[in-house]
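Colleague: Below: sequence and its predicted model.
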Amino acid sequence: MLAPDPDFCPPDARCLLLIGPQGGARWWDKVQASPEWLDGAPDPIDRWSKRALGGLATRFGGMALFPSEGPPYPPFFRWAQDSGALWQSPVGMLVHARQGLWVSFRGALALPFTLPLPPAERPCDSCDTRPCEAACPVGALSATAYDVPRCHAYLDTPAGTDCLTRGCLARRACPISVRHARVDSQSAYHMSRFHR
C-alpha cells in the first residue's frame, strides 16, 4: 500500500493497493476455470484481471489500474519500490518479504480509504547465501542490468527448457520464492508469453 499517485488516481483516493497473485495452484486454477481463459480469445489473464479487480474497485468505491493500460503506462515498478514492501533484489528483479522473486502485479486499486498494514522486512538483508546471484546459467541477471538477448538465446537451446517449463532459475533459487512457488504450468505459460 502506498500514497495515491495523482497522475493516475482519482482525487478522492487515499491509498494505492498493489494486487498480485498468490503462490501455489489456487490462483492459477481459478484463472484456468474462468470464462476469459475458456473462450479462446487473446490475453485471458489480463481480461480476467480487469474483470476481477474492476469488480473489487466497484465494490469498495475505488478505481482499478492496470500495467497494460496506457500510454501513459502506470509506473508499477516505481510504485512497488515506493510502497516500502518491495525492494530491488541482487539480480535486479523486485523482491517481496513473503513472495520472494515470484512477486508480480495484476493491477492496483486506488481506494478512498486506507488500510492498516504491518511493516515489511527486507528479505535480502538477512540472506547470507544469495543463491539468486549465481542461479542464472548464462549470467543474464545482475543488480544493474538484465541482458534480455542473452536470456532469450539461452531459452532457444535444449538447456533452456528447464527455465521455459518451470520458470526462471534465479527466481526459483530465492529461499523466499520456494515458499511461494508457482505451479509449473503457470510458469510455462508466462514464459511462453515472454519468449515468443
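Modeller: It's in. Numbering: from 1, shown residues only.
Colleague: Scan this structure for its longest helix.
Modeller: Longest helix in the chain by number of residues (criterion: DSSP state H): helix 44-59.
Colleague: I'd like the distance from that helix to the chain centre, please.
Modeller: 16 Å (CA atoms, centre = their mean, to the nearest Å).
Colleague: do the same with stretch 69-78
Modeller: Worked out by CA atoms, centre = their mean, stretch 69-78 lies 14 Å from the chain centre.
Colleague: circling back: elements contacting the longest helix of the chain?
Modeller: When contacts are defined as 3 or more CB pairs under 8 Å, 6 or more residues apart in numbering; DSSP states H and E, helix 44-59 packs onto helix 25-32, helix 35-38, strand 63-65, strand 107-111. Placement of C-beta: from N, CA and C, glycine included.
Colleague: starting at the chain centroid, how far to the shortest one?
Modeller: Right, the one you point to is strand 63-65. On CA atoms, centre = their mean, the centre of strand 63-65 falls 17 Å from that of its chain.
Colleague: And stretch 149-168, by the same measure?
Modeller: Taking mean C-alpha positions (CA atoms, centre = their mean), stretch 149-168 and its chain are 19 Å apart.
Colleague: and what of stretch 92-110?
Modeller: 4 Å.
Colleague: what's the most buried one of the helices and strands packed on helix 44-59?
Modeller: Of all the helices and strands packed on helix 44-59, strand 107-111 has the most neighbours on average by mean count of other CB atoms under 10 Å, namely a mean of 24.
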